[in-house]
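A.B. asks: have a look at this fold, sequence not included:
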DNA sequence: CAGTATCCTTGAAGATACTG
DNA sequence: CAGTATCTTCAAGGATACTG
């Protein structure tokens, strides 16, 4: 952690702190990592039922997680056609910004304690 | 995110998932980032009162955050001498493992939406 | 100085049941 | 298929007061 960058964060950019806090709050929710990893690994353009199955999340929780990811602009919800129930979820460009964080977390997770 | 690594995480290493989840839960707690940044920026070997002042955290919350960081082995608490109230907090080697995550988060925070 | 104890309120999780 | 609604439970936060 470079001092300049941190000064920037701490004193100049209070907004950054808010965004980071918010992202952490959202990432730490139950099943969130599982849901994100489905987007990262399987493919783009996923159906609700596919995500549900792959992430092993129930409808209620999955709905919550998806709308939270939508809120911070990491995924997009698209109805495939009018008057149909078909829906697809896509990742956005912002998903790439989050990837390094997930990779770092992965390394942390796989590393043995000391 | 490479597929191999993810397979490893998802199917082989359930423990990693637990550790990541736990780390996220802890990092997302209130004032946690502020506390960690104090350790990252100021120096090693900090007094309770220094951390309290720099992070702008009240005693109750700071005590909670410090013991959580201690629990996951990121910092260590050292009493400076017997029968004194002086205490110092130090970062451990594990602190380095967390740094990349903090840097990634920082980049996310400083980046504009889209 | 470095905390602890207590209370109160809010927010998230998980289960179950229901729907156009 | 893709959700919504409701309810109960439990964890976390913040404020205030107290202590060796």
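C.D. replies: Arrived safely. Predicted, not measured: the structure shown is a model, and the values here were computed from it.

A.B. asks: do a quick rundown of the strands in chain A.
C.D. replies: Assignment of strands within chain A using DSSP state E yields the ranges A:75-79, A:87-91.

A.B. asks: contact residues of chain A facing DNA strand D?
C.D. replies: Residues of chain A lying close to DNA strand D by Cβ under 7 Å from any atom of the strand are A:47-50, A:59-60, A:63, A:66-67, A:77, A:85-88. Bear in mind the C-beta positions are built from the backbone N, C-alpha and C, glycine included.

A.B. asks: buried only: go through those for me.
C.D. replies: A:48, A:66 (16 or more other Cβ atoms under 10 Å in any protein chain shown).

A.B. asks: which member of the residues of chain A next to DNA strand D is positioned nearest residue B:96?
C.D. replies: Minimum distance to residue B:96 across those is 34.6 Å, recorded for residue A:66 (Cβ to Cβ).

A.B. asks: hmm, the closest one is touching residue A:74, no?
C.D. replies: No: if you go by Cβ atoms under 8 Å, residue A:66 and residue A:74 don't touch, sitting 10.1 Å apart.

A.B. asks: for residue A:73, what are phi and psi?
C.D. replies: Residue A:73 adopts backbone torsions of phi 80, psi 30, taken as degrees, to the nearest 10.

A.B. asks: wait, it touches residue A:95, no?
C.D. replies: No: if you go by Cβ under 8 Å, residue A:73 and residue A:95 don't touch, sitting 9.1 Å apart.

A.B. asks: once you drop chain neighbours, what's closest to residue A:36?
C.D. replies: Spatial nearest neighbour of residue A:36, excluding adjacent residues (Cβ to Cβ, 6 or more residues apart in numbering or on different chains): residue A:102 at 6.7 Å.

A.B. asks: who in chain A is up against DNA strand C?
C.D. replies: Applying Cβ under 7 Å from any atom of the strand, we find that chain A lies next to DNA strand C at A:25, A:29, A:30, A:31, A:58, A:59, A:60, A:61, A:64, A:85.

A.B. asks: phi and psi next, for the last one.
C.D. replies: Comment: the main-chain dihedrals of residue A:85 come out as phi -100, psi 0, following degrees, to the nearest 10.

A.B. asks: OK, contacts around it?
C.D. replies: Contact partners of residue A:85, counting by Cβ atoms under 8 Å, 6 or more residues apart in numbering or on different chains, are absent.

A.B. asks: could you check how far it is from residue A:45?
C.D. replies: 16 Å (Cβ to Cβ, to the nearest Å).

A.B. asks: next: the fourth one.
C.D. replies: Using Cβ to Cβ, one obtains 20 Å as the distance from residue A:31 to residue A:45.

A.B. asks: can you give me the helices in chain A?
C.D. replies: Counting by DSSP state H, chain A has helices at residues A:3-7, A:14-27, A:32-41, A:48-55, A:59-71, A:94-110.

A.B. asks: comparing the ones you listed, which comes out most buried?
C.D. replies: Most buried of those, by mean neighbour count (mean count of other Cβ atoms under 10 Å in any protein chain shown): helix A:32-41, with a mean of 21.
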